[in-house]
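Novice: can you look at this prediction? I've put the sequence above it.
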Amino acid sequence: MICPGCGSENETAYSVLSNSLVCLETECGFELEMNRSEAHEVLETEEELVCC
């Protein structure tokens with residue numbers, strides 16, 4: 001996913017605490033909030049969820 005905040009093409013992480021995709025660039029901090037059903041459509045399996 002290309003981050004709309006900083007334009008980075010690096011991977012994003014899913015935050016279980018905020019139910020959002022988070023840009024991993026240290027200077028960006030962009031978060032895209034989504035509900036649980038949307039997250040399951042985007043993510044392949046629950047084992048791949050990243051919890052920070």
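Specialist: The structure has been received and is ready for your questions.

Novice: low pLDDT regions in the chain?
Specialist: When residues are selected by pLDDT under 70, those of the chain lie in 1, 39-52.

Novice: okay, helices next: where are they in it?
Specialist: The residue ranges that make up the helices of the chain, judged by DSSP state H, are 36-42.

Novice: residue 10 against residue 25, yeah?
Specialist: Yes. Taking contact to mean CB atoms under 8 Å, the distance of 6.3 Å between residue 10 and residue 25 places them in contact. C-betas here are computed from N, CA, C, even on glycine.

Novice: contact partners for the spatially closest residue to residue 31 that is not a sequence neighbour?
Specialist: Sequence neighbours aside, residue 20 is the residue nearest to residue 31 in space, at 4.4 Å (criterion: CB to CB, 6 or more residues apart in numbering). Contact criterion CB atoms under 8 Å, 6 or more residues apart in numbering gives 14, 31-34 as the residues in contact with residue 20.

Novice: residue 20 bridge partners, please.
Specialist: Legend: beta-bridge partners of residue 20 under DSSP bridges are residue 15, residue 33.

Novice: what's the distance between it and residue 7?
Specialist: Here the criterion is CB to CB, to the nearest Å. By it, residue 20 lies 19 Å from residue 7.
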